[in-house]
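Sequence and predicted model, in that order:
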Amino acid sequence: MFREMRRCKQLLSTEDTVAVMDRCTNGVLACLGDEDYPYAVPLSYVYLNDKIYFHSAKAGHKIDAITKNPKVSFSVIDEDTIVSENFTSYFRSVIALGKVRIVEGDERLEAFEALVEKYSADQPEEAKHKEISGCTRSYMVAIDVEHITGKEAIEYVNAKR
């Protein structure tokens, strides 16, 4: 169903792909927007239980797009070092494909806690709890990942040997 990566020597292991998802702090959600134009929006996320979670306002272009068509792509860039003398850059990135859904109940709470912990781990527990319990104006959205691949520059691959 999903294409295999053309440059398979540059494919990251599952462990390394998950590490990139855990390490990065923002990614780009791509979906089908108004008039069937691609709509790509940067956002903060957390990768938890093989799913990507993010919060969203209950109204707007992003929610309209994913409600209309739940199939999305999500990408993160972990590394992008320009090597001008070689006319290239050394990179590491991940692309995930899946379907979105709004989450509720215990899953919403677990995802919200993980999101707050990722971005505000240094804050007092009381403040984190207040933020989590008081946030009712936004949705928590999950991407149920159906396919995920990580890739890195061939120079990184060769350096590991």
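Now that the structure is in, tell me what you want to look at.

what's the first-to-last distance across stretch 74-93?
11 Å (C-alpha to C-alpha, to the nearest Å).

cool, stretch 32-42 as well?
Stretch 32-42: ends 15 Å apart by C-alpha to C-alpha.

What residues sit buried inside it?
L32, G33, Y39, V41 (16 or more other C-beta atoms under 10 Å). For every residue, glycine as well, the C-beta is placed using N, CA and C.

quick check, nearest of those to G60?
V41 (9.6 Å; C-beta to C-beta).

mind checking which helix or strand the closest one is in?
Taking DSSP states H and E as the criterion, the element that holds V41 is strand 38-43.

Pairing partners for the helix or strand just after that strand, with directions?
Downstream of strand 38-43, the next assigned helix or strand under DSSP H and E is strand 46-48. Sheet pairing of strand 46-48 (DSSP bridges) gives strand 51-57 (antiparallel).

Give the buried residues for the strand it pairs with.
K51, I52, Y53, F54, H55, S56.

do the same with stretch 111-130
A111, F112, E113, A114, L115, V116, K118, K128.

and which of those is nearest to E79?
Relative to E79, the closest of the buried residues of stretch 111-130 is K118; by C-beta to C-beta it sits at 19.2 Å.

re earlier: and which of the buried residues of stretch 111-130 is nearest to D22?
K118 (8.6 Å).
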